[in-house]
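Predicted model and sequence follow; I will ask about them next.
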Number of protein chains: 2
Amino acid sequence: MQDHLPEPEPLSALVDALRRLPGVGVRSARRMAYHLLQHDRKGAQQLSFALSHAVNHLRHCKRCHSFSQDEICETCLNPKRDDSLLCVVETPADQNMIEASHGYRGLYFVLMGSLKPLEGVGPDDLGFDKLLERVSDGKVQEVILATNFTAEGETTAHYLAEMLKSRGLRVSRIARGIPTGSELEYVDAGTIAWAFIERRSS
Amino acid sequence: MQDHLPEPEPLSALVDALRRLPGVGVRSARRMAYHLLQHDRKGAQQLSFALSHAVNHLRHCKRCHSFSQDEICETCLNPKRDDSLLCVVETPADQNMIEASHGYRGLYFVLMGSLKPLEGVGPDDLGFDKLLERVSDGKVQEVILATNFTAEGETTAHYLAEMLKSRGLRVSRIARGIPTGSELEYVDAGTIAWAFIERRSS
Ligand SMILES: [Zn+2]
Ligand SMILES: [Zn+2]
């Protein structure tokens, strides 16, 4: 394509920038750019502002490592939360889901990922040192591991359990089992097997 | 969720803005936001700038209706192009593909879409009036319809052919057939059928 393509520079630059989004190839970047320029210029401006606003105003909370506008986030500063419990999650989205369940009133530590040895994501990248510092505040009694039940989440939980128990901390893992409201007939076999292994006396 | 979610405002605002992109739901918007904030803040700033730059500097070329930085785009102003030929395409991406094929040296008109009666996209939305004005410049001899060979592209081509022929213009449609380099065994039956219908004497 040595020929001069008719595409103006601001359009190519936008397509290139959209391609940096995870899961967006050149075709969808182009579709997004056309859509914004043709049908939603207000949305383009809104996104432009939201990006620079987020980059300029979000940092990591010094205590829980989640995104925060302030040095310490609102959740960590909330005096109504039980500071003897610390729940470790992979992402802020997981934290939101737990908050929405209304089943937990303790504090959080957000790893911002999980151990991925094959992709070179190790303990240092997930702030395990900060977690150790966090749990040494003299208040945390129990660390609840709420990483995903994926291979990577399980590896992370296992690693953290060993690390924290060796420091004399009480460590627990959220339960795996049959989802509420589901019929056994439609639950996968692996989940049923785990529900038997983790059965509790009633 | 009457509870205060721990998510800070700049993060929710970014997720909301990303959801305006076509094909992006709340989960992928969240994944994109975390990725940008955690791993690619430079990419976020680049995208923010590219969006506002494109919105502020791109408009529609007055002659071909494609995106342009100037009132009339470079392609339309290029004196080396054959101004007796006008090729009608759906999108700037289609125009790029035709340019890359080096098989065409005429001018273009970009519809920025196709007729979609069910979604309420009619002739007015695609600038058919501007196209009629464009072909009345006394130079255009032939209009080549290069809309997609989809139901919508075909409908658009049919509509345009009727409209332009009634104005006494020569109208043609790009050929449909077996793709270059492909083996019949792997070509779908519909394409083969069309290749027979549109066969030419040799
Ligand atoms: Zn915090
Ligand atoms: Zn033009």
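That came in fine, so what should we check first? All figures in this text were calculated on a predicted structure; none of them were measured in a lab. Ligands and ions are numbered 1, 2, ... in the order given.

Could you tell me which residues within the biggest helix by length in chain A count as buried?
When chain A is parsed with DSSP state H, its longest helix is helix A:41-57. Within helix A:41-57, the residues that count as buried by 16 or more other C-beta atoms under 10 Å in any protein chain shown are A:43-55, A:57. Glycine gets a C-beta too; all of them are placed from N, C-alpha and C.

residues touching the residue most central in space within chain A, list them.
Nearest to the mean C-alpha position of chain A, by C-alpha atoms, centre = their mean, lies A:Thr91 at 1.2 Å. Neighbouring residues of A:Thr91 by C-beta atoms under 8 Å, 6 or more residues apart in numbering or on different chains: A:110-113, B:34.

quick check: mean pLDDT across the longest strand along chain A?
Longest strand in chain A, counting residues (DSSP state E): strand A:82-89. Mean pLDDT, computed over strand A:82-89, is 94.

Same question for stretch A:136-151.
91.

With only the CA atoms kept, save it in CSV.
Extracted C-alpha coordinates of stretch A:136-151, given in CSV (Å, rounded to 0.1, in the frame of the first residue of the first chain):
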residue,chain,number,x,y,z
SER,A,136,0.3,-6.7,60.4
ASP,A,137,-1.7,-3.7,61.7
GLY,A,138,-2.6,-5.5,64.9
LYS,A,139,-6.3,-5.5,64.1
VAL,A,140,-6.8,-8.1,61.3
GLN,A,141,-7.7,-11.4,62.9
GLU,A,142,-8.8,-13.3,59.8
VAL,A,143,-8.0,-13.1,56.1
ILE,A,144,-10.7,-14.4,53.8
LEU,A,145,-9.5,-15.4,50.4
ALA,A,146,-12.1,-14.6,47.8
THR,A,147,-10.1,-15.1,44.6
ASN,A,148,-11.8,-16.8,41.7
PHE,A,149,-12.3,-20.6,41.5
THR,A,150,-10.2,-20.7,38.3
ALA,A,151,-6.8,-22.4,38.1
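
Could you list every helix and strand that the helix or strand of chain A with the lowest mean pLDDT packs against?
None of the helices or strands of chain A scores lower by mean pLDDT, DSSP states H and E than helix A:189-197, at a mean of 79. Helix A:189-197 sits against no helix or strand, with contacts defined as 3 or more C-beta pairs under 8 Å, 6 or more residues apart in numbering or on different chains; DSSP states H and E.

got the contact list for it?
With contact meaning C-beta under 8 Å, 6+ apart, helix A:189-197 is reached by A:176-179, A:184.

how far out from the middle of the chain is that helix?
Taking C-alpha atoms, centre = their mean, to the nearest Å, one finds the center of helix A:189-197 at 26 Å from the center of the full chain.

From B:Ala193, how far out is A:Asn96?
Here the criterion is C-beta to C-beta, to the nearest Å. By it, A:Asn96 lies 53 Å from B:Ala193.

So, low pLDDT: which residues of chain A?
Applying pLDDT under 70 to chain A picks out residues A:1-6, A:201-202.

at 90 what do you get?
Within chain A, the stretches with pLDDT under 90 are A:1-7, A:92-104, A:117-121, A:124-125, A:127, A:149-151, A:167-168, A:173-202.

tell me the helices in it, going along the chain?
Counting by DSSP H, chain A has helices at residues A:9-18, A:26-39, A:41-57, A:74-77, A:92-101, A:128-135, A:151-165, A:189-197.

for the second one, packing partners?
It refers to helix A:26-39. Packing partners of helix A:26-39 (3+ C-beta pairs under 8 Å, 6+ apart): helix A:9-18, helix A:41-57, helix B:41-57, helix B:92-101.

Only C-alpha atoms, please: export the last one in PDB.
Going back to what we said before, that points to helix B:92-101. Extracted C-alpha coordinates of helix B:92-101, given in PDB (Å, rounded to 0.1, in the frame of the first residue of the first chain):
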ATOM      1  CA  PRO B  92     -14.400   4.800   4.400                       C
ATOM      2  CA  ALA B  93     -13.100   1.300   5.200                       C
ATOM      3  CA  ASP B  94     -14.500   0.000   1.900                       C
ATOM      4  CA  GLN B  95     -12.900   3.000   0.100                       C
ATOM      5  CA  ASN B  96      -9.500   2.000   1.700                       C
ATOM      6  CA  MET B  97      -9.900  -1.500   0.500                       C
ATOM      7  CA  ILE B  98     -10.600  -0.400  -3.100                       C
ATOM      8  CA  GLU B  99      -7.600   2.000  -3.000                       C
ATOM      9  CA  ALA B 100      -5.400  -0.800  -1.800                       C
ATOM     10  CA  SER B 101      -6.500  -3.000  -4.800                       C
END
